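Engineer: My questions concern the predicted model and sequence given below.
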Amino acid sequence: MARQKRAKLDKNGLSGLGLDKLVEILLEEASANKALKGRLEAALAGEAGPAEMARLIDKRLDAHEEARTRINNARAKDLAIEFSGLARTILSELGGVDAAGSAERILRFLALRFPISARLVSDNARLWKVFDDAEAATAELVGSLEPHDQAELVPQFETLRRRDRYGEHTGFLHKLAGVIGAPAATAWKVLLTQALPKEPGKLGALDLLQAIALRQGDVDAYVALEESKAENRRDTLTIADLLHGAGRYDEALDWVRRRPTGLRLLPIGGELASVGPEYGARERRLLEADILDKLKRRGDAQDLRWREFAETLDTPVLRLYLSKLDDFAEFDEMDRAFALVDDAEDIYGALDFFVSWPRLDRAAALVLRHRDDWEGRYYEDLAPAAEALSKDQPLAATVLYRILVSDILRRGIGVAYPHAAGYLKELDRLRVHLPPDARLQDHDDFVDDLRRTHPKKFGFWSAVPEGLR
């Protein structure tokens, strides 16, 4: 019997339904689906030209701008679907025939975010995702426009900025500042400069002026704007880095040495955050050393790098310090560094240094020298060290694994029982590799002590392989 052929839900399959059937289905669905209805209406309007399509879109935007009713959860879900269709119509349908007109309408659409937020009964992630996706597409669209078309949109940029009363969506505006050409940037600078005196407590205008200055390579304007900020808003490290990159080393040194003394508000990852005086301290010291190098003050630069290493035991800092030394001098300095790490009060930092360098022989010696000082709660340091040492330094690895197992059981950390069971399995593997003069409790005795001390830690014992219990 011949197998019956099934039509697929694709272009060929739908074409087989015939025009009348497709029209009937679309009309029926459009009556209950506003997004589909809007897209069909826009497509029909497009037959009369982009002006008619734009008129239809404007009508829908007008309706949403004038709405005042509260939006409950059910309505928010419907709006998410409707707005997704509206954004797609603006960007795809209108954008395909009139990119500048599309950009104007999608900016109007994005401005709906703020009145919509005020009308919502409760937050709706799906609805905000529609706006977030539209912002990404809008930045790309604006960047593709001719410079004079971009300049025509600047008043709408400002409208969006002013409506964002709490500065929650400055990331999008900074994207725009990064894609516009000189005419739009110049026009926006005029508006932002006019707004600056009226907004002493608002950060958006000043920050955007700096973004535009950076885009235009105007270092002097950027620095002058930073100087105008209150002291708790000045990002002296960023200015120093900018001046260093511009080859203005004396000015860079002045800024990098303006060390903050209190809390500051700085943009971090696109959001304002409160940071203490030590924020960026490592980067500041290393940048200062680089600037000193450029100023031919090599000795001062190296002293600064050494002090940073002595305080932090940071492996990359030592490598940088050694790379700046004369030929053959690095061997004596490396010995000096290792001696400093051996004597460090921070034994966990010292262990991490020797493991990452790597000098596993020194790491093992450190473990055995401080075998009574390690605490299992610092498992983020001890577990990787034990793993690194397990191949060539079984005695030191055994010491660390026993500390980890004992601490997990002593504190009854149930979620860590599988890890403790894995450590015990590793201890069983290592036992045959221990040196005869290990002066360490026998493995079987160690396990017997665990059984006596923690007989009811069933979650742990059930995770231990049967032959090791």
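Structural biologist: Ah, there it is.
Engineer: Next one, pLDDT for Ala2 please.
Structural biologist: pLDDT for Ala2: 50.
Engineer: just the one 3 residues further on next, same as before
Structural biologist: Lys5 is assigned 57 on the pLDDT scale.
Engineer: Would you map the helices across the stretch 51-200 of the chain?
Structural biologist: Listed in chain order, the helices of the stretch 51-200 of the chain (DSSP state H, counting those that start in this stretch) span 73-88, 99-111, 113-119, 125-144, 147-152, 154-163, 170-179, 182-195.
Engineer: Dead centre of the chain: give me the residue that sits there.
Structural biologist: Gly269 (6.2 Å; Cα atoms, centre = their mean).
Engineer: That one and Thr170: what is the separation?
Structural biologist: Distance, Gly269 to Thr170, using Cβ to Cβ, to the nearest Å: 12 Å. Heads up, the C-betas are built off the backbone N, CA and C, glycines and all.
Engineer: I figured Asn124 hits Ala76, correct?
Structural biologist: Yes: using Cβ atoms under 8 Å, Asn124 is in contact with Ala76, at 4.0 Å.
Engineer: measure the nearest residue in space to Asn232 that is not next to it in sequence to Glu231 for me?
Structural biologist: Spatial nearest neighbour of Asn232, chain neighbours left out: Arg264 (4.9 Å); criterion: Cβ to Cβ, 6 or more residues apart in numbering. Noted for Arg264: a distance of 8 Å to Glu231, by Cβ to Cβ.
Engineer: out of these two, which sits in the more crowded spot?
Structural biologist: Each of Arg264 and Glu231 has its neighbours counted (other Cβ atoms under 10 Å); Arg264 has more, 19 against 11.
Engineer: what's the more buried one in contact with, if anything?
Structural biologist: Applying Cβ atoms under 8 Å, 6 or more residues apart in numbering, we find Arg264 in contact with 232-235, 274-275, 279.
Engineer: again, but for Ser406
Structural biologist: Counting by Cβ under 8 Å, 6+ apart, Ser406 has contacts 376, 450.
Engineer: Per-residue pLDDT of it, please?
Structural biologist: Value for Ser406, per-residue pLDDT: 97.
Engineer: what's the answer for the one 5 residues further on, then?
Structural biologist: At Arg411, the model reports a pLDDT of 96.
Engineer: What of Gly38?
Structural biologist: 60.
Engineer: which two of the contacts of Arg264 lie the greatest distance from each other?
Structural biologist: Arg234 and Ser274 (14.2 Å; Cβ to Cβ).
Engineer: So the residue nearest to the centre of the chain versus His174, what's the distance?
Structural biologist: Applying Cβ to Cβ to Gly269 and His174 gives a distance of 12 Å.
Engineer: What about Glu330, how many residues nearby?
Structural biologist: Neighbours around Glu330, by other Cβ under 10 Å: 16.
Engineer: Please name the residues that touch it.
Structural biologist: Leu322.
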